[in-house]
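A.B. asks: sequence first, predicted model second:
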Amino acid sequence: MTAQIIDGKAFAASVREKVAGHVTRLKEENGITPGLAVVLVGEDPASQVYVRSKGKQTVEVGMNSFEHKLDADTSEADLLALVEQLNNDPEVHGILVQLPLPKHLNEDLVINSIAPEKDVDGFHISNVGLLGTGQKSMVPCTPLGSLMMLRDHHGSLSGLDAVVIGRSNIVGKPMAQLLLGDSCTVTIAHSRTKDLADVVRRADIVVAAVGRPEMVPGDWIKPGATVIDVGINRIERDGKNVLVGDVDFASAKDVAGAITPVPGGVGPMTIACLLANTVTACCRANGLSEPEGLTA
Ligand code: NDP
């Protein structure tokens with residue numbers, strides 16, 4: 001069997017197109033332009049690349065982009081004051097504080113100071129609780145993008161056996177909650193899981209979010225299963241610096257029914273879902289019906 005390759009780049013483009021359509025309607029019919037504020041503290045090179053890319057894509061779909069770049073030694077009080085200002089700004093519908101923050105800043109405190117309805121990353125404790133209890137929330141972008149791809153491929157996920165490898169707050173746990181919400185039977189595996197191979201072999205859906213290059217070989221995959229590879233790992237191969245996932249793509253693609261590549265799978269969906277969350281937040285803030293197909 002050769003797996004269908006799930007093209008995350010094309011899928012993300014279709015999500016952005018939907019977002020842009022909603023933005024146009026909001027502008028024309030309601031006179032509202034959704035706005036996303038991104039706060040970057042310090043000069044972490046990877047974070048700078050992400051923030052630039054987020055700003056560019058925000059403008060491309062017709063939304064307002066507000067970038068706030070603060071020095072690495074910014075005090076917690078100053079950062080909290082900026083978040084408060086953005087919380088109260090009616091032109092700002094989504095707020096994202098780029099992580100990681102410099103060590104002297106308390107990430108939990110800062111994230112939980114964002115108004116939950118503007119928390120487009122979905123990391124605020126209120127959104128975590130709402131998602132966990134099956135209520136309307138802002139959903140973390142990477143798991144939301146993964147869910148969209150799974151729904152698109154399968155239609156209904158009801159009754160499928162899903163394994164999520166990784167239990168982080170930003171990927172593993174919310175992913176498991178979303179799959180449970182779609183009535184999968186969910187197993188969460190982690191570094192202490194006994195016989196991971198056996199656990200993975202039983203799954204119709206495998207979501208790998210570990211951060212270990214190619215740790216899931218093809219012979220762990222149940223024939224025909226759908227594999228969502230969230231991992232992004234930089235390795236040296238044949239003298240070149242390359243990106244690989246947590247799944248060994250070369251062997252897994254011969255067994256799986258469908259698989260996301262790295263790069264070009266889950267990665268592009270993350271920013272697309274950030275834009276989707278911002279439109280959703282804008283609609284909710286203005287008492288308008290939510291865009292279909294862009295939320296969990
Ligand atoms: P974390 O490091 O926060 O979590 C990794 C998880 O993997 C932990 O729960 C850990 O278990 C588990 N784990 C580690 N080793 C093993 C093992 N040998 N067997 C089974 N489980 C193991 O990572 P993140 O969730 O933040 O990210 C995971 C990956 O996804 C990374 O490669 C990251 O770069 C990528 N990522 C990609 C995004 C995208 O846009 N595509 C966005 C976010 C992340 P334990 O809890 O027991 O330690």
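C.D. replies: Perfect, thanks for sending it. Numbers count the residues shown, from 1 in each chain.
A.B. asks: near the ligand, which residues of the stretch 1-150 of the chain?
C.D. replies: By Cβ under 6 Å from any ligand atom, the residues of the stretch 1-150 of the chain that approach the ligand are residue 142. Every residue, glycine included, has its C-beta placed from N, CA and C.
A.B. asks: in the stretch 1-150 of the chain, what residue lies closest to the ligand?
C.D. replies: Proximity of the stretch 1-150 of the chain to the ligand (Cβ to the nearest ligand atom) peaks at residue 142, 4.1 Å away.
A.B. asks: my guess is that residue contacts residue 170. True?
C.D. replies: Yes. Taking Cβ atoms under 8 Å as the definition, residue 142 is a contact partner of residue 170 at 6.9 Å.
A.B. asks: tell me which of those two has more neighbours.
C.D. replies: residue 142 (24 against 17; other Cβ atoms under 10 Å).
A.B. asks: how about the strands in the stretch 101-250 of the chain?
C.D. replies: Using DSSP state E, counting those that start in this stretch, the strands of the stretch 101-250 of the chain run over 161-165, 185-189, 205-208, 226-229, 233-237, 240-244.
A.B. asks: would TSV of the ones you listed with mean pLDDT, mean neighbour count and distance to residue 45 be doable?
C.D. replies: TSV is the format used below for these (pLDDT from 0 to 100; neighbours: other Cβ atoms under 10 Å; distance: least, Cβ to Cβ, whole Å):
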stretch	mean pLDDT	mean neighbour count	distance to residue 45
strand 161-165	99	26	28
strand 185-189	98	19	32
strand 205-208	98	29	26
strand 226-229	98	29	24
strand 233-237	96	11	13
strand 240-244	97	13	15
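A.B. asks: any chance of these in CSV with distance to the ligand as columns?
C.D. replies: Below are the strands of the stretch 101-250 of the chain laid out as CSV (distance: least, Cβ to the nearest ligand atom, whole Å):
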stretch, distance to the ligand
strand 161-165, 5
strand 185-189, 6
strand 205-208, 8
strand 226-229, 9
strand 233-237, 6
strand 240-244, 10
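A.B. asks: perfect, I'm done here.
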